[in-house]
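K.L.:
got a structure for you, letters missing:
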Ligand code: SF4
Ligand code: SF4
């Protein structure tokens, strides 16, 4: 039987209008996947290699290129969909675990889309954000259970605060850029992110790849990560950060470690991660020194000691079936913040089976964790960070109303920088200079342009947040947190509304 019998039909077709083509060959150099070439007469395409990154379309001066879905791909089938047949074909070809990138792309209903926001009418006035102050600042870190004062009735003017405050970081918007390591994304992408968070006074995660010396000046806005591989962890890394996060899990790959292939470990990555050049950076699935909440509490205590109790220490878990009791254990273990990453969360590389099928939606996890922390009288002490496909300001606002203090945002930041969500980050060939370490590709990402686009994006989110708070008659984002009565459910499954603690629209 010919091997052609088992050739996977291409997903995309590259259409080149030869009348418009100027034969400048620009597209052939811009395509990092080797799709386009010049055969001496005209540009030709190898459609099997096309990932629809759209770089050629954007760069073509003649507007001669179109990329379309291959509609003759396969006969339709409701059960054995194009996607499932593609998976079977690829696995029967190479016998391996399929990798993918970005977030879960299965067409699963997004609960955020089934939630509606409330607005004031007549009886409680709304607030005009153009004329009145609406506070979007929040304090990131542990809060005391109660405030105690030194006070003497005989000298009533002599009053001072007795309660010791844990370290808190003040941020101007309830937004943190999620952990994307140098290695998973390029130097220019990381630099753009760090410059943007400094300008916005928000936070960014370092990912598990250590912190290159060039980024130390942005440390006051960076939460560094301690993952199971402990890449790049030394005392400088710990002491040059706004906070430290112990990564137990990630939404895109719950129960999994990390894998940066050796090809991506160039000298920049090798120095930053403190591993030999060209070696695979594999972080184990579990932390081999954490098998209980007590072990976790010990690491939290050790990190507090190492940072002289000056920065908040948190723990990140993937949203899974029992996130709520785990979160309680983390809070009791001394963490100052908990990050929960939902099953639609992004990644640079994950086994597709895990990315697409493990974990639970962040909306349900926020509600469950918030509720349980409340029952245990812990909620007001700890900062709850939530992520896993917070796509735009509407999701941010709904996540906060469900119970999050801060949202982690990843993919929108990449998209703002130019990402076309082609899901090929793990190959290291990103034609937009984002998820790559190839020098000639990295140079394509202009740091200033990327930084400014991130700044604009979050300015607009924050303005929209103020618009919504004003319409709700709320003057501070902290008062929106866990205010689920300002949400209503319109989806098809009332049980979801029950778990969320949200009434149905009309109630
Ligand atoms: S970039 Fe556009 S105009 Fe230039 S060779 Fe390619 S298709 Fe033709
Ligand atoms: S970062 Fe680059 S490789 Fe990854 S999805 Fe976006 S465009 Fe594709």
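P.N.:
Received the coordinates, thanks. In this text, all values refer to a predicted model and were calculated from it rather than measured experimentally. Ligands and ions are numbered 1, 2, ... in the order given.
K.L.:
can you map out the strands along the stretch 51-200 of the chain?
P.N.:
65-69, 99-100, 115-117, 138-141, 149-150, 160-161, 168-171, 175-177 (DSSP state E, counting those that start in this stretch).
K.L.:
Just say which of these is most tucked in.
P.N.:
strand 175-177 (a mean of 27; mean count of other Cβ atoms under 10 Å). C-beta: built from backbone N, CA, C; applies to glycine.
K.L.:
What lies in contact with that one?
P.N.:
Contacts with strand 175-177, where a contact means Cβ atoms under 8 Å, 6 or more residues apart in numbering, come from 193, 196-197, 200, 202-205, 223, 385, 387, 396, 406-410, 413, 454, 458, 461-462.
K.L.:
before we move on, back to that, quick one, which of the strands of the stretch 51-200 of the chain is nearest to residue 80?
P.N.:
strand 65-69 (18.0 Å; Cβ to Cβ).
K.L.:
That closest one close to ligand 2?
P.N.:
No - Strand 65-69 does not reach ligand 2 (Cβ under 6 Å from any ligand atom); its nearest approach is 13.2 Å.
K.L.:
From the rest of the structure, what touches that strand?
P.N.:
11-17, 27, 50, 52, 54, 56-57.
K.L.:
cool, stretch 429-436 as well?
P.N.:
Residues contacting stretch 429-436 (Cβ under 8 Å, 6+ apart): 30-33, 53, 55, 101, 184-186, 188-189, 348, 414, 417-420, 424-426, 428, 438, 441-445.
K.L.:
what distance separates the start and the end of that stretch?
P.N.:
Chord length of stretch 429-436, first to last residue, is 6 Å (Cα to Cα, to the nearest Å).
K.L.:
Any residue of that stretch touching ligand 1?
P.N.:
No - Stretch 429-436 does not reach ligand 1 (Cβ under 6 Å from any ligand atom); its nearest approach is 13.2 Å.
K.L.:
what pairs with the residue lying closest to residue 254 once chain neighbours are set aside across the strands?
P.N.:
Excluding the flanking residues, the one nearest residue 254 by Cβ to Cβ, 6 or more residues apart in numbering is residue 318, at 3.5 Å. Under DSSP bridges, the beta-bridge partners of residue 318 are residue 341.
K.L.:
Residue 318 contacts residue 347, correct?
P.N.:
No - Residue 318 is beyond contact range of residue 347, at 11.0 Å (criterion: Cβ atoms under 8 Å).
K.L.:
what sits in contact with each of the two?
P.N.:
The contact lists of residue 318 and residue 347 share 250, 253, where a contact means Cβ under 8 Å, 6+ apart.
K.L.:
Now the closest residue to ligand 1 within the stretch 51-200 of the chain: closest residue in space, sequence neighbours ignored.
P.N.:
Using Cβ to the nearest ligand atom, the closest approach of the stretch 51-200 of the chain to ligand 1 is made by residue 60 at 3.2 Å. Spatial nearest neighbour of residue 60, excluding adjacent residues (Cβ to Cβ, 6+ apart): residue 27 at 5.7 Å.
K.L.:
so how far is residue 54 from the one you found?
P.N.:
Using Cβ to Cβ, to the nearest Å, residue 27 is found at 11 Å from residue 54.
K.L.:
now the contacts of strand 65-69 as JSON lines including pLDDT?
P.N.:
Output for the contacts of strand 65-69, formatted as JSON lines (pLDDT from 0 to 100):
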{"residue": "11", "pLDDT": "89"}
{"residue": "12", "pLDDT": "94"}
{"residue": "13", "pLDDT": "94"}
{"residue": "14", "pLDDT": "97"}
{"residue": "15", "pLDDT": "96"}
{"residue": "16", "pLDDT": "97"}
{"residue": "17", "pLDDT": "97"}
{"residue": "27", "pLDDT": "97"}
{"residue": "50", "pLDDT": "96"}
{"residue": "52", "pLDDT": "97"}
{"residue": "54", "pLDDT": "97"}
{"residue": "56", "pLDDT": "98"}
{"residue": "57", "pLDDT": "98"}
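K.L.:
Now list the buried members of those residues.
P.N.:
Neighbour-count burial (16 or more other Cβ atoms under 10 Å) applied to the contacts of strand 65-69 gives 11-14, 16, 27, 50, 52, 54, 56-57.
K.L.:
Just want the residue of the stretch 201-350 of the chain that's nearest ligand 2.
P.N.:
Counting by Cβ to the nearest ligand atom, the stretch 201-350 of the chain gets nearest ligand 2 through residue 348, at 7.5 Å.
K.L.:
Let me see the contact set for that residue.
P.N.:
Residue 348 touches 101, 180-181, 184-185, 260, 425-426, 435, counting by Cβ under 8 Å, 6+ apart.
K.L.:
and what of residue 442?
P.N.:
Contacts of residue 442 by Cβ under 8 Å, 6+ apart are 186-188, 433, 436.
K.L.:
Tabulate those residues in a markdown table, adding columns for neighbour count and pLDDT.
P.N.:
Below are those laid out as a markdown table (neighbours: other Cβ atoms under 10 Å; pLDDT from 0 to 100):
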| residue | neighbour count | pLDDT |
| --- | --- | --- |
| 186 | 27 | 96 |
| 187 | 21 | 97 |
| 188 | 21 | 98 |
| 433 | 26 | 98 |
| 436 | 26 | 95 |
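K.L.:
closest to residue 80 among those residues?
P.N.:
Nearest to residue 80 among the contacts of residue 442, counting by Cβ to Cβ, is residue 436 at 34.2 Å.
K.L.:
Run through the bridge partners of that closest one.
P.N.:
residue 429.
K.L.:
how close does it sit to residue 348?
P.N.:
10 Å.
K.L.:
what's the answer for residue 396, then?
P.N.:
23 Å.
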